[in-house]
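Novice: show me the folded form of this:
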Amino acid sequence: MVKYCSICAGKALFGDGTMMLVSDEKPGKEEEEMSQVKSEERLLEEQHLQSCLEVVRENIRIYREKESAYRKEVTQLFQAVKKGEGDSYGQLVAGQNILEHTQNVLRKNQVALKKAYFGRIDYDDLTFGGKEVRYIGKNGVNKGPEEIVIVDWRAPVCSVYYENEPGKGSYPVPGSGEVEIDLHKKRTYDIEDEELLGYYDDDVAANDELLLKYLSQNKEAVLGDIIATIQKEQNEIIRDVPWKNIIVQGVAGSGKTTVALHRISYLLYNYKDRYKPSEFCIVGSSDMLLEYIGSGLPELDVSHVKQMRMDHFLTYLMGKSWKKSYSVIPDDAMAPVKSKLDFVRKLEDFLGAWRRKWMDLGDVVDGQIGCILSRESMEDTLDKNPELSMIQAERLLNSKICARIEFLCSEWEKGPKKEKLTAYKKYFDSAPKKWTEMSIYLEFLAYLEREENVPERWQETISHVAKGKMDVYDAAALALIWKRILMKKEEDEFSQIIIDEAQDFGEMIYYVMRQILPNCYFMIMGDVSQNIRYETGMNDWEDLKEVLFEQKKDSFYLLAKSYRNTIEISNCAGKVLEKASKSRYQIQPVIRHGKEVTVFREKPEQLGGRLQSTVDALKKQGYETIAVICREEEEAAQVKEYLGVGHEEDQLFHNGVMALPVTLTKGLEFDAVILWKPDERHYGDNSKEAKLLYVAMTRALHELYLIGDQEISPLFG
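Specialist: Okay, the predicted model is just below:
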């Protein structure tokens, strides 16, 4: 049946998003009644939106007044602290916390004023009884202390919106059980600037409709949230329990990074009594990636989460043991060997032998007392405390020796007993040896030379390590030595570690992190098809699963659907992916069409002009972010000269035009991408180069151009 609209031409939308076609036929009685019902329903929805906005406006007024009052109070307390008055410092800290909380609530309501909510669920609560109607928004909005007007998307009940189909189902409540429900309606809203543009009741089509609208937007230089368009497979990861390790293999554009940030936000909201933001740390491969990730945290109500580059994270874990005279350098020639599990297992064996040699456990016997502590007792103690470093083990055994002396000499005079305790209090003591992590590592490398009987093989590594210069795998080795031999205190700062672009580092790194942080849970995000460090990074996940997964509850997730690229870009990139990963992980693109990939082959002297004209055309289309991606840093510098872009401008992700080597584009996305000279010389016909090219191509949201002076690489198929 064709639905009638006398106002619009072509296609239009009812309030519920139902598509209708224009027809010259007059509507019948049934159509008129349906239209009347829909008009009344839309009116009710518009009235509800306005009532919510009234609450939001009143909240903004209240919290602005509170913010002003608290700000004055904090200023006064700050002056009192400067004068040293009473307990003003404690009051200042408390006042600053209250002010920060007030500002956060004010910010949430200001955001809600622009887009109050995006979803609604109507259901019967079969567990607790009653009928419920919940409007779901980016931020929760309350009227007074108790009345919930809009539910925060992170609330447990909101998983119904993302995952459940109409009918009977359930949703989990952290720290409790399942709540049984009967879902009657799931509605999606399109709201902008306080105006209801439309709403959709059809579950799948509605979500796709809103998703396509979101994906078609131009890209700003910040990582956006996906709260209104979270897909079922993404939601499952976001809302999984925190006490497990997770590996997520996600194709380019599948939302890995965004899902990770939403998971942090979800965990901090639902497990606030268990975790503090400072216990989370995001680890990445470059400063630009971390800055880009960090740009998305405030919008997700996340603050005070640490972010570190991998090399900085490893040295941070070592604390003072990482001396100022040490520095991190690019990977050396032996990095492909050092990055593997075999290398770190040899190091473990070496350190185990080192401990046995220098501790030299034997019965502790005194001429006057007899056997103070047996070898068997000491070995049993160490077996029960495998996490202890050698220094910690020495301290523990010394304390047991002293405790035994206290017991065995309980009837002695105070003076002789004290002398005996003094004689044995440092029975085990490696401090005079003055070992350092570097000296032990150099001895290990020398041991490898002897074992392999190829002396020149390790000379480059030995040379720069001796000068205090370490690549990231040397730094990890030093961290393990610190953990096994020289650590004085356990590391307990972090509870949750999130690693993005994880495939760029070898399994050895994760083994070391697991040993140093045995009580942490890890979320590993990556795509082995995008491993740009082919010889040192990971080309599959099997060894990492062996290193990381210790319990059956740990999970491996696959995100196969790409939300970034148009069909045209995905199809082109898919041919390269075939050669990059041998079809291990196929892309499933969202159906969003755009312009075909454009190839320009010019004479060398005309390349600069073609580049400039292409950039100018893209700017005229209103694109916010444009990237010219080059194979090497030197060519990126040349492109900057062509475009008149300052070299200092590309240190951080920003709006406008950026010229970058492909290695710095990992994890980023741009409205349009220009691949500079994508020929066989720059991208040879092999898996390593295919992964680099695949990364470069899949940075583009809407348009992709290939500009060069030679035939394009055979990797394009």
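Novice: distance check, the nearest residue to Asn164 once chain neighbours are set aside against Pro156.
Specialist: Spatial nearest neighbour of Asn164, chain neighbours left out: Leu183 (5.3 Å); criterion: Cβ to Cβ, 6 or more residues apart in numbering. Any C-beta I mention is one placed from the backbone N, CA and C, and that applies to glycine too. Per Cβ to Cβ, to the nearest Å, Leu183 is found 15 Å from Pro156.
Novice: same check, this time on Gln503
Specialist: Between Gln503 and Pro156 the distance is 33 Å, computed by Cβ to Cβ.
Novice: which ones are touching Arg484?
Specialist: By Cβ atoms under 8 Å, 6 or more residues apart in numbering, the contact list for Arg484 reads Glu348, Leu351, Arg355, Ser389, Met390.
Novice: narrow the residues you listed to those in helices?
Specialist: Those of the contacts of Arg484 mapping onto helices are Glu348, Leu351, Arg355, Met390, per DSSP state H.
Novice: for the first one, list the residues it contacts.
Specialist: Same thing as Glu348. Counting by Cβ under 8 Å, 6+ apart, Glu348 has contacts Leu480, Arg484.
Novice: what's the burial count for Glu195?
Specialist: Here the count is done by other Cβ atoms under 10 Å, and Glu195 has 10 residues near it.
Novice: what's the answer for Thr436, then?
Specialist: Counted with other Cβ under 10 Å, Thr436 comes out at 16.
Novice: can you pull the contacts of the residue nearest to Pro174 when sequence neighbours are not counted?
Specialist: Ranked by Cβ to Cβ, 6+ apart and with sequence neighbours excluded, the top spatial neighbour of Pro174 is Asn270, at 4.8 Å. Residues in contact with Asn270 (Cβ under 8 Å, 6+ apart) are Arg154, Ala155, Pro156, Pro174.
Novice: which one of these is nearest to Asn398?
Specialist: For the contacts of Asn270, the minimum distance to Asn398 (Cβ to Cβ) is 44.0 Å, reached by Pro174.
Novice: need the pLDDT of that closest one.
Specialist: Per-residue pLDDT puts Pro174 at 91.
Novice: excluding covalently adjacent residues, which one is nearest to Glu192?
Specialist: Closest residue in space to Glu192, ignoring its immediate chain neighbours: Lys115 at 6.5 Å, by Cβ to Cβ, 6+ apart.
Novice: now the one you found: how far from Leu53?
Specialist: 11 Å.
Novice: could you do Gly129 as well?
Specialist: Separation of Gly129 from Leu53 (Cβ to Cβ) stands at 31 Å.
Novice: neighbour count winner among the two?
Specialist: Between Gly129 and Leu53, Leu53 has the larger neighbour count (other Cβ under 10 Å), namely 16 against 7.
Novice: does that one belong to a helix, a strand or coil?
Specialist: Classification of Leu53 using DSSP: H, G, I helix; E, B strand; the rest coil returns helix.
Novice: ok, the one 10 residues further on next?
Specialist: Secondary structure of Tyr63, reduced to three states by three-state DSSP: helix.
Novice: could you list the low-confidence segments of the stretch 151-300 of the chain?
Specialist: The model of the stretch 151-300 of the chain has pLDDT under 70 over residues 202-225.
Novice: the stretch 101-250 of the chain: strands as residue ranges?
Specialist: Here the stretch 101-250 of the chain has its strands, by DSSP state E, counting those that start in this stretch, at 119-125, 131-137, 141-143, 147-152, 167-172, 178-192, 195-200, 246-250.
Novice: out of those strands, deepest packed?
Specialist: Mean neighbour count (mean count of other Cβ atoms under 10 Å) peaks for strand 246-250 among those, with a mean of 24.
Novice: other SSEs contacting that one?
Specialist: Using 3 or more Cβ pairs under 8 Å, 6 or more residues apart in numbering; DSSP states H and E as the contact test, the elements touching strand 246-250 are helix 256-270, strand 521-526, helix 542-548, strand 555-559.
Novice: can you put the ones you listed in TSV and add distance to Asn453?
Specialist: Below are the helices and strands packed on strand 246-250 laid out as TSV (distance: least, Cβ to Cβ, whole Å):
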stretch	distance to Asn453
helix 256-270	44
strand 521-526	37
helix 542-548	27
strand 555-559	40
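Novice: so for Asp360, which of these sits nearest?
Specialist: Closest approach to Asp360 among the helices and strands packed on strand 246-250 (Cβ to Cβ): helix 542-548, 31.4 Å.
Novice: how close does the closest residue to Thr436 other than its chain neighbours sit to Phe350?
Specialist: Spatially, and ignoring its direct neighbours in sequence, Thr436 is nearest to Leu486 (7.7 Å; Cβ to Cβ, 6+ apart). With the distance defined as Cβ to Cβ, Leu486 ends up 15 Å from Phe350.
Novice: mind putting the strands of the stretch 101-250 of the chain into JSON lines with distance to Lys256?
Specialist: As requested, these are exported to JSON lines (distance: least, Cβ to Cβ, whole Å):
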{"stretch": "strand 119-125", "distance to Lys256": "23"}
{"stretch": "strand 131-137", "distance to Lys256": "24"}
{"stretch": "strand 141-143", "distance to Lys256": "30"}
{"stretch": "strand 147-152", "distance to Lys256": "23"}
{"stretch": "strand 167-172", "distance to Lys256": "23"}
{"stretch": "strand 178-192", "distance to Lys256": "24"}
{"stretch": "strand 195-200", "distance to Lys256": "27"}
{"stretch": "strand 246-250", "distance to Lys256": "4"}
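Novice: ok, which of these comes nearest Tyr89?
Specialist: strand 141-143 (32.2 Å).
Novice: pLDDT of that closest one, averaged?
Specialist: What strand 141-143 shows for mean pLDDT is 93.
Novice: elements contacting that strand?
Specialist: In terms of contacts (3+ Cβ pairs under 8 Å, 6+ apart), strand 141-143 is packed against helix 29-83, helix 88-114, strand 147-152.
Novice: so the residue nearest to Thr436 sits right up against Met438, yeah?
Specialist: No: with contact defined as Cβ atoms under 8 Å, Leu486 does not reach Met438; the gap is 10.9 Å.
Novice: hmm, back to that, so which of the strands of the stretch 101-250 of the chain gets nearest Tyr70?
Specialist: Comparing the strands of the stretch 101-250 of the chain by Cβ to Cβ, strand 141-143 comes nearest, at 18.8 Å.
Novice: so what strands line up beside that closest one?
Specialist: Counting by DSSP bridges, the strands paired with strand 141-143 are strand 147-152 (antiparallel).
Novice: tell me who's in contact with Val599.
Specialist: Residues in contact with Val599 (Cβ under 8 Å, 6+ apart) are Tyr705, Leu706, Ile712.
Novice: can you pick the most crowded of those?
Specialist: Neighbour counts for the contacts of Val599 (other Cβ under 10 Å) peak at Tyr705, which has 24 neighbours.
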